[in-house]
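K.L.:
What would the 3D arrangement of this be:
(chains A and B)
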Amino acid sequence: MTTAARPLTRHRPLSERIIEVLLFLSAAVGVVTTLGIVAVLVFETLDFFVVVSPIDFFTGTFWSASILPRAWGVLALVSGTVLVAAIALVIAVPLGLLAAVFLADYASPRVRTVVKPILETIAGIPTIVLGFFAVNFISPQLLIPLLGRNNIGGFSALAGGIVVGLLITPLIASISEDSMRAVPRGMREGAYAMGATRFEVVRKVVFPAAISGIMASIILAMSRAIGETMAVLLAVGAKPQFTIDPTESVQTMTAFIAAISLGETAQGSIEFKSLFAVGLTLFGMTLVLNLISGWVVRKYRTAY
Amino acid sequence: MTVANPTAPPATPVAPRFEPALMRRKLTGTIFYGACLAAIGVLLLALTFLLIDVFRRGLPWLDLGFLSGVPSRRPANAGILPALVGSFQVGIFVAIFSFPLGVAAAIYLTEYAKDNWFNRLLQTNISNLAGVPSIIYGILGLALFVRLLGLGPTSLAAGLTMTLLILPVVIIASIEALKAVPDAQREGAYALGATRWQMVRGSIFPAAAPGIMTGLILAMARAIGEAAPLLLIGASVFVTFLPNPLEGSYTVLPIQVLQWASRPQADFQGISAAAIIVILALMLVLNGLALVVRARLSRHIQW
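P.N.:
Residues are numbered from 1 along each chain as shown, chains lettered A, B, ... in the order given. Next comes the predicted model:
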């Protein structure tokens, strides 16, 4: 928001006013985008709900959009999404937090200049590449030899979860590291002066002080994992089912939307309309997570 | 003031003896440090395996014919020129649209906006938009640009959709860059009689330009690497010709990768990997460009 300084002259020529209006309109594009997203999703979803009952949609656990008999139980897609996101978090939370602690409290400046680019490189890899990595490396060369060919196939929630975990790790690491570095030096030095070891300083001083940023980073990563499309599309297969077995092939909400767009589905058909209802569900879930993340930061932030 | 009772025997506090247990505490610390190193090791290993796997599969397919050819049913003849051109077109549209919009929005929010509820809403809205899944932008783009504005599934519609997707990123990066300019710079411009816009144009924008341009280039890299929204904007067809930005179909690199990687044959996985190498090279070039631009633009800035 504006700083205290103001122009000395009160006279504002017309051009100044026009410019301000133009700048304001640019800033308002964001609001228009949000309204557009909500309007499109809600409008098209209502159209879908004329044919399919919303109760069946939100409570059903069987999904079959193109194969008869059709079934529209979105929980089958939601469970696939949540399963993949949960696996991703199981991997990314420890990896990301350990990396953040390492960068904030252990690494020397020289080591930092080596480790930080590793994280940034992973963050910058297009997600389709991670999907490729899942089907060509994680599944055939890691999971199948490890778990046996009878227990896991080429496509699984586990393979998808692992690569999504990889891609959200840098997000957790960088936001958490920022909030750990924001903990003032004096607090660390006080603990050292009391005879604490480095690990005790991290666990009892830095970690609690940085908890708002850490929580926010995890929730944002969760939202990102739920919304990820390209990596999941290749890795988890295309079998919508209500399951918590990570070795099964599933379908996520994003992968369903992608699959419908990739196929030859006619735009007016009911399968195509279901895409908007799934989109609205997805949008609702990530919106709630993003709002919670913002609330956590505001509520638990301690400024130093 | 209370006076101690002289008859009571002097209290001898029996504090529990402090056991430093240093060996145990240090061991815990060492184990934790080991875990940190292991985490970094896992990440490094994953990245290494990813790169080795991609290069081992893709390098044999990567030659001039691959870069200048068009997709084919036979992997040996396949090339990525249409996808490469499509990605360039989308990238250029994104730059053209998101630079003025993103910078103007950031300038409004940092230099003009008064602290009222509406402007706070604008700001909150932008950070929430950054968290909307990319494929949702595809749904918006389909309804708005492809159908409502009648642009059809073209690379222009794709560029506009990707602009909406990365606009929050560009705005946030530009706001950071503008906020980093010290207030003395603003006050100095005002002291010389500048109006607000003269101050922004002549003093603040040039000072923030390195940060803004870096953010913009990195956002372009993201727009080229991300493809989920374009699945809905019709980038999924078999394109064997160079796309016209205003009409007809197009495709982009990540979608070409997806199509080849979805086929079971090893040869298609090979050309898919080769296309990935091209994408990674593009990312590297854009990141390098960001560094160079930053260095060149910030040569004359010092405070």
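
K.L.:
Tell me how many other residues crowd residue 22.
P.N.:
Chain wasn't specified; assuming chain A. The number of residues packed near residue A:22 is 13, by other CB atoms under 10 Å in any protein chain shown. No exception for glycine: its C-beta is placed from N, CA and C like everyone else's.

K.L.:
looking at chain B here, not the other one
P.N.:
Using other CB under 10 Å, residue B:22 has 10 neighbouring residues.

K.L.:
Near residue A:24, how many other residues are there?
P.N.:
The burial count for residue A:24: 18, using other CB under 10 Å.

K.L.:
Ok, residue B:255 next?
P.N.:
Around residue B:255 there are 25 other residues, counting by other CB under 10 Å.

K.L.:
got the contact list for the closest residue to residue B:35 other than its chain neighbours?
P.N.:
Of all residues not flanking residue B:35 in the chain, residue A:98 sits nearest, at 5.7 Å (CB to CB, 6 or more residues apart in numbering or on different chains). Residues near residue A:98 by CB atoms under 8 Å, 6 or more residues apart in numbering or on different chains: B:35, B:36, B:38, B:39, B:40.

K.L.:
Same list (the residues you listed) but as CSV, adding pLDDT.
P.N.:
As requested, those are exported to CSV (pLDDT from 0 to 100):
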residue, pLDDT
B:35, 96
B:36, 95
B:38, 96
B:39, 95
B:40, 94
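
K.L.:
Show the buried residues in these.
P.N.:
The neighbour count (16 or more other CB atoms under 10 Å in any protein chain shown) marks B:36, B:39, B:40 as buried among these.

K.L.:
List the contacts of residue B:176.
P.N.:
Listed by CB under 8 Å, 6+ apart, the contact set of residue B:176 reads B:211, B:215.

K.L.:
Please apply the same query to residue A:214.
P.N.:
Taking CB under 8 Å, 6+ apart, we find residue A:214 in contact with A:97, A:100, A:175, A:176, A:179, A:180, A:207.

K.L.:
Quick check: the farthest pair among the contacts of residue A:98?
P.N.:
The most widely separated members of the contacts of residue A:98, counting by CB to CB, are B:35 and B:40 (10.0 Å).

K.L.:
what phi and what psi does the backbone show at the closest residue to chain A within the stretch 51-200 of chain B?
P.N.:
Nearest residue of the stretch 51-200 of chain B to chain A, counting by CB to the nearest CB: residue B:133, 2.6 Å away. Dihedral pair for residue B:133: phi -60, psi 140, per degrees, to the nearest 10.

K.L.:
for residue A:63, same thing?
P.N.:
Per-residue torsions, residue A:63: phi -130, psi 120 (degrees, to the nearest 10).

K.L.:
contacting residues around whichever residue of the stretch 51-200 of chain A sits closest to chain B?
P.N.:
In the stretch 51-200 of chain A, the residue that lies nearest chain B is residue A:126 (3.1 Å; CB to the nearest CB). Applying CB under 8 Å, 6+ apart to residue A:126 gives the contacts A:230, B:224, B:225, B:226, B:227, B:254, B:279, B:283.

K.L.:
Which residue, other than its chain neighbours, is closest to it?
P.N.:
Nearest residue to residue A:126, sequence neighbours excluded (CB to CB, 6+ apart): residue B:225, at 3.1 Å.

K.L.:
ok now the helix or strand where residue B:294 lies, how far from the chain's centre?
P.N.:
Taking DSSP states H and E as the criterion, the element that holds residue B:294 is helix B:266-297. Mean C-alpha position of helix B:266-297 versus that of the full chain (CA atoms, centre = their mean, to the nearest Å) differs by 14 Å.

K.L.:
what's the first-to-last distance across stretch B:241-255?
P.N.:
End-to-end span of stretch B:241-255 (CA to CA, to the nearest Å): 16 Å.

K.L.:
swap in stretch B:105-114?
P.N.:
End residues of stretch B:105-114 are separated by 14 Å (CA to CA).

K.L.:
average pLDDT across that stretch?
P.N.:
Stretch B:105-114 carries an average pLDDT of 92.

K.L.:
in it, what counts as buried?
P.N.:
Neighbour counts over stretch B:105-114 (16+ other CB under 10 Å) mark B:105, B:106, B:107, B:108, B:109, B:110, B:111, B:112, B:113 as buried.

K.L.:
just the residues you listed now: which is nearest residue A:11?
P.N.:
Nearest to residue A:11 among the buried residues of stretch B:105-114 is residue B:112, at 17.2 Å by CB to CB.
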